[in-house]
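> No sequence on hand, only this structure:
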């Protein structure tokens, strides 16, 4: 009986999401209305799906902090990660219909917003093209812009893993978005934001790098907030502003073929960052883009102990492409 009630409730949620997508296409909504609706749908579906059993409960069994060069890194043992299957070994694509009950949050034009079954934070979602696009393909303007709307809705950040060497577990293109709760342990991102807010002169078109990760190839570029956060910024302008930042980062990395470019991309409301990757593991522990936010996740006690014993900056240096270039045109934060 409980299962039947849960499924009926989820059918209603799916119907709401579908109707909302159609409504937006044919009637149009403001940015504020779009983001408010997304936020409500994510929270409602997450809570329903945790109770119904689709989403694995976000249980942190251990938390450990290490301070290195002024950054407090967080190591977490997350119970749900031990249950996560290896995506590349699956025979079916879990990101296309038919979805499992409780998986679909809402349909948004050419994309589906889905719950992550194995969340690294509460309200962890996936923004996925309805038609299969390989994870290594380049982002489109509308995809990045919609991801930005979702992260603004939950006041969080988005992250992307381009290849298995960068931590990707599925071939179907997807960007992951977590809520503002994730900033509690994302101290690299907090450091970047604080550095930017404290600057008296802001230069959104100037590249930045992290001083304590100067050995690896990574670049940060801030959005033009005066334009992007303006009430007069329409959908087309938002798409162009975000995509322009994305392409500048790719150009700075000297990307020739995006399909061969192994990297992590992280996007907040203020900036976008790319880290060029060379491998996914260190001492037997796998890492995706989340480790470059300042949060390192372990799936069992053995992995957790390895991270406690290691130097975090050394781990990050080993995961990313070496860059010994000297840049005179780049700020350090």
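Structure's in. What do you need? If you're wondering where the values come from, they're calculated on a predicted model, not measured in any experiment.

> If residue 172 is in a bridge, with which residues?
For residue 172, the beta-bridge partners are residue 134 (DSSP bridges).

> Against residue 325, how distant is it?
Counting by CB to CB, to the nearest Å, the gap between residue 172 and residue 325 amounts to 34 Å. Every residue, glycine included, has its C-beta placed from N, CA and C.

> So the two - more neighbours on which side?
Between residue 172 and residue 325, residue 172 has the larger neighbour count (other CB atoms under 10 Å), namely 18 against 8.

> pLDDT score for the more buried one?
The per-residue pLDDT reported for residue 172 equals 97.

> How about the contacts made by it?
For residue 172, the contact set (CB atoms under 8 Å, 6 or more residues apart in numbering) comprises 93, 95-96, 128-129, 132-135.

> Just the buried ones from the residues you listed, in ChimeraX syntax?
This is how ChimeraX selects the buried members of those, with burial counted by 16 or more other CB atoms under 10 Å:
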select :95,128,129,133,135
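
> Now the contacts of residue 172 in CSV, please, with extra columns for pLDDT and distance to residue 297.
Converted to CSV, the contacts of residue 172 look like this (pLDDT from 0 to 100; distance: CB to CB, whole Å):
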residue, pLDDT, distance to residue 297
93, 88, 24
95, 95, 21
96, 92, 26
128, 98, 22
129, 98, 26
132, 96, 28
133, 97, 26
134, 97, 25
135, 98, 20
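
> Next, format the contacts of residue 172 as CSV and append distance to residue 117.
CSV is the format used below for the contacts of residue 172 (distance: CB to CB, whole Å):
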residue, distance to residue 117
93, 14
95, 11
96, 15
128, 13
129, 19
132, 19
133, 21
134, 21
135, 18
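
> which among the contacts of residue 172 gets closest to residue 53?
Residue 53 has its nearest neighbour among those in residue 95, at 19.5 Å by CB to CB.

> so residue 39 sits right up against residue 151, yeah?
No. Assessed by CB atoms under 8 Å, residue 39 is found out of contact with residue 151, at 10.8 Å.
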